[in-house]
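Visitor: This is the structure alone, sequence omitted:
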């Protein structure tokens, strides 16, 4: 069996920020469904000295800016380090695959933080996060026109 190697390699990640704050005024017994409305965002930075190296920042946020009545506020931000090899540098790999590589780390951190806060843990489903971000970017650009 021939092994086909990707030109994108994952060199690790770092947690840039974790913040969690309980909303003590939240009333869970009011019978209303909880709607968190998280904001997921990404940023891709190319290394100016070595153009095959990239940093992809992925963040997830639930705040009172996005949700007026939520049981907590949460922000998790990660930076993934990637190398894009090969003669033809396909930046779509960075835009989509790097986010897909980082997302499970983000999901895990969110679950652990909420579980350790002694509340029902927030378990994000597996999803096509690259497609979700594309749709979000389209919506943002339409809103700005």
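Guide: The structure has been received and is ready for your questions. None of these values were measured; they are calculated from a predicted model. Residues are numbered from 1 along each chain as shown.
Visitor: Surely residue 26 forms part of a strand?
Guide: No. Under DSSP: H, G, I helix; E, B strand; the rest coil, residue 26 sits outside any strand and is assigned coil.
Visitor: Now it. Nearest residue, chain neighbours left out?
Guide: The shortest distance from residue 26 to any non-neighbouring residue, by C-beta to C-beta, 6 or more residues apart in numbering, is to residue 71 (4.6 Å). (Each C-beta comes from the backbone N, C-alpha and C, glycine too.)
Visitor: what's near enough to touch that neighbour?
Guide: By C-beta atoms under 8 Å, 6 or more residues apart in numbering, the contact list for residue 71 reads 22-23, 26, 28, 34, 119.
Visitor: Now do the buried residues in the longest helix seen in the chain.
Guide: Criterion DSSP state H: the longest helix present in the chain is helix 99-116. By neighbour count on 16 or more other C-beta atoms under 10 Å, the buried set for helix 99-116 is 99, 101-103, 106-107, 109-110, 113-114.
Visitor: any idea where the helices of the chain begin and end?
Guide: Along the chain, the stretches classed as helices by DSSP H are 91-92, 99-116, 129-143.
Visitor: Run through who's touching the second one.
Guide: When you say that, I think you mean helix 99-116. 10, 13, 15, 18, 20, 42, 56, 58, 60, 72, 74, 76, 78, 80, 82, 120-124, 126-130, 133.
Visitor: can you map out the strands along this structure?
Guide: 8-22, 39-46, 53-62, 72-84 (DSSP state E).
Visitor: Dump these to CSV, plus mean pLDDT and distance to residue 90.
Guide: Below are the strands of the chain laid out as CSV (pLDDT from 0 to 100; distance: least, C-beta to C-beta, whole Å):
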stretch, mean pLDDT, distance to residue 90
strand 8-22, 95, 8
strand 39-46, 90, 13
strand 53-62, 93, 12
strand 72-84, 94, 7
